[in-house]
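In: okay, here's the prediction I keep looking at, along with the sequence it came from:
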Amino acid sequence: MTTDVNEVVKVRGLRFCYPDGMEALRGVTFSLRAGDKVALVGPNGAGKSTLMLQLNGILRGQGSVEIGELALNPDNITVIRGLVGLVFQNADDQLFSPTVFEDVAFGPLHMGLAEQEVRQRVEEALEMVHMREYEDRLSHHLSVGEKKRIAIATVLSMHPEILVLDEPSAGLDPRARRSLIHLLHEMPITMLVSTHDMALVKECFPRMIVMDRGQIVADGPTAQLLEDARFLEAHGLEKP
């Protein structure tokens, strides 16, 4: 079997059961190449969130996960968590410091970086999400859309190679959602995004992975998959 040197995520035969016996992942296999922007879609309970939590070792199943050239195992877990930036659906789960600057600086500080390097990373991350002027603001006073951007910045400050987002458009008003779409379009980073927002999928993600009942049931061009209304309905999805 040949290996694609551009593959930055390789998942092979991944299985995972929760303690109550529920089989959440049933032999999931897929790859991401550098620069891919991929939507992960499917009904509630399909296994999407479970899969995302496998990619940086928060959950560990059977099978193999490789990030770049590194196998996901206890020896590599710290490095891999720096490479895979996970942004949760609820931004409040990631924002816990008094100010925006402190939230975005948290990761780099715990990497043991020098003060100047930390400051530079914070400024760069906030610039990438167009929130540079917010660094002295109180995180808990921000709008939902602003919090989502800061949560993304907290991950970007770690210089990840892959960005993994869970329901990024949930709870956003139309203006904030449109702003998020522009942001996702322009960010030059490999991206896997779990979402129920099929209009967002159509606009932002050329490739779509469809999950149902713990398995990948389709993986292909978004435009092609969205044309099959019968397939979408069978897997709890609506054509945008």
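Out: Everything's here; your move.
In: which helix or strand contains the residue nearest the centre of the chain?
Out: With distances taken as C-alpha atoms, centre = their mean, V164 lies nearest the centre of the chain, 1.3 Å away. In the assignment (DSSP states H and E), V164 maps to strand 162-166.
In: toward the C-terminus, what is the element adjacent to that strand?
Out: Using DSSP H and E, the first helix or strand after strand 162-166 is helix 174-186.
In: which secondary structure elements does that next one contact?
Out: helix 144-156, helix 198-204 (3 or more C-beta pairs under 8 Å, 6 or more residues apart in numbering; DSSP states H and E). Placement of C-beta: from N, CA and C, glycine included.
In: which stretches of the protein form helices?
Out: 48-54, 77-83, 100-110, 115-128, 144-156, 174-186, 198-204, 222-226, 229-234 (DSSP state H).
In: count of residues packed around E115?
Out: Neighbours of E115 under the rule other C-beta atoms under 10 Å: 10.
In: ok, now which ones touch L138?
Out: P98, T99, V100 (C-beta atoms under 8 Å, 6 or more residues apart in numbering).
In: in a markdown table, list these along with neighbour count.
Out: Shown next, in a markdown table, are those (neighbours: other C-beta atoms under 10 Å):
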| residue | neighbour count |
| --- | --- |
| P98 | 10 |
| T99 | 14 |
| V100 | 27 |
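In: now the residues you listed in JSON lines, with distance to M128?
Out: Below are the contacts of L138 laid out as JSON lines (distance: C-beta to C-beta, whole Å):
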{"residue": "P98", "distance to M128": "22"}
{"residue": "T99", "distance to M128": "18"}
{"residue": "V100", "distance to M128": "14"}
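In: and the least confident of these?
Out: In terms of pLDDT, the lowest of the contacts of L138 is P98, showing 91.
In: excluding chain neighbours, what is closest to that residue?
Out: L138 (6.5 Å; C-beta to C-beta, 6 or more residues apart in numbering).
In: go on, V118?
Out: P108 (4.4 Å).
In: pull the number of nearby residues for the one you found.
Out: Neighbours of P108 (other C-beta under 10 Å): 22.
In: repeat that for V155.
Out: Neighbour count for V155, taken as other C-beta under 10 Å: 22.
In: is it true that it touches L163?
Out: Yes. Using C-beta atoms under 8 Å, V155 makes contact with L163 at a distance of 6.6 Å.
In: overlap in contacts, the two.
Out: With C-beta under 8 Å, 6+ apart, V155 and L163 have common neighbours G85, V87.
In: thinking again about what came up before, let me know the closest of the contacts of L138 to L51.
Out: Distance to L51 across those (C-beta to C-beta) is lowest for V100, with 30.2 Å.
In: now the closest one: how far from H110?
Out: 17 Å (C-beta to C-beta, to the nearest Å).
In: got it, and S31?
Out: Counting by C-beta to C-beta, the gap from S31 to H110 is 30 Å.
In: of these two, which one has the most company?
Out: Higher neighbour count among S31 and H110: S31, with 16 against 10, using other C-beta under 10 Å.
In: quick one, what contacts the more buried one?
Out: By C-beta under 8 Å, 6+ apart, the neighbours of S31 are D4, E7, V9, K10, V11.
In: that one bridge partners, please.
Out: Beta bridges link S31 to K10, judged by DSSP bridges.
In: what pLDDT does the model give it?
Out: For S31, the predicted pLDDT is 97.
In: how far away is it from T190?
Out: From S31 to T190 the distance is 11 Å (C-beta to C-beta).
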